[in-house]
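Chemist: What follows is a protein structure lacking sequence information:
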């Protein structure tokens, strides 16, 4: 992998699903790599509903809105980036069904950063951090996904239906991510795993 960057190939229309625990830096990454009109954030939707982005009681209505927006934007031929944890298989599959219905490729961008770093970032969030037990559950699900190694995790995600998987495990790798925009047909992409390790 070159020092210049780790490419993330995305197409339009297309779906990018960020995967990682609360506090992993998904929102910061999304704001760096994508335009604001391309990103749908579950935290923003929870905040709009309840006034608190960390209010887990607002999760169900927030995701009802999120899924409706994803469907509408994909139908309009747009690139859609979902900024949510997506650490649970059922959550990913629900989004993958929408990509399949729209006949567009989906890319998984997995932030599997060290647990101590994620917990510290969550604790330092302005306002109310996500409850620590929720973050620990997210981290456990990411660890379970990676239990057989990153290549096996990437293959597992491809079998779920992702056209490409990009997995990063450090802040250095996160900083090196760069978007490559172009036509991305289903079943194509940078391969089962893009990570310099």
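Modeler: Received it, and whenever you're ready, just let me know what you need. Computed from a predicted structure; not experimentally measured.

Chemist: Show me the helices in the chain, by range?
Modeler: Under the criterion DSSP state H, the chain contains helices at 26-33, 42-50, 59-75, 89-102, 115-123, 132-145, 150-160, 171-176.

Chemist: Just tell me which of those helices ends up closest to residue 109.
Modeler: Proximity to residue 109 (C-beta to C-beta) singles out helix 26-33 among the helices of the chain, at 7.7 Å. Where you see a C-beta, it was placed from the backbone N, CA and C, and this is true even at glycine.

Chemist: angle of that closest one against helix 115-123?
Modeler: Here helix 26-33 points in a direction 90 degrees away from that of helix 115-123 (axes from the mean of the first three to the mean of the last three C-alpha atoms, to 10 degrees).

Chemist: Could you tell me the phi and psi values at the closest residue to residue 52 other than its chain neighbours?
Modeler: Once flanking residues are discounted, residue 52 sits nearest to residue 128: 6.4 Å by C-beta to C-beta, 6 or more residues apart in numbering. The phi and psi values for residue 128, taken as degrees, to the nearest 10, are phi -90, psi 120.

Chemist: and the gap between residue 128 and residue 47?
Modeler: Taking C-beta to C-beta, to the nearest Å as the measure, residue 128 falls 11 Å from residue 47.

Chemist: So between those two, which is more surrounded?
Modeler: Higher neighbour count among residue 128 and residue 47: residue 47, with 17 against 10, using other C-beta atoms under 10 Å.

Chemist: Any idea how many residues pack against the nearest residue to that one once chain neighbours are set aside?
Modeler: For residue 47, ignoring the flanking residues on the chain, the nearest one in space by C-beta to C-beta, 6+ apart is residue 53 at 4.1 Å. By other C-beta under 10 Å, 22 other residues sit near residue 53.

Chemist: For residue 53, give me its contacts.
Modeler: By C-beta atoms under 8 Å, 6 or more residues apart in numbering, the residues touching residue 53 are 43, 44, 46, 47, 127.

Chemist: Pipe the residues you listed into TSV and attach distance to residue 20 and pLDDT per row.
Modeler: As requested, these are exported to TSV (distance: C-beta to C-beta, whole Å; pLDDT from 0 to 100):
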residue	distance to residue 20	pLDDT
43	13	84
44	17	87
46	17	86
47	19	83
127	20	75
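
Chemist: Redo the residues you listed as CSV? Include distance to residue 81.
Modeler: Below are the contacts of residue 53 laid out as CSV (distance: C-beta to C-beta, whole Å):
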residue, distance to residue 81
43, 13
44, 12
46, 17
47, 18
127, 23
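
Chemist: Can you flag the buried ones in these?
Modeler: Buried members of the contacts of residue 53, scored by 16 or more other C-beta atoms under 10 Å, are 43, 46, 47.

Chemist: ok so, going back, mean pLDDT lowest where, among the helices of the chain?
Modeler: Ranked by mean pLDDT, these bottom out at helix 42-50, with a mean of 86.
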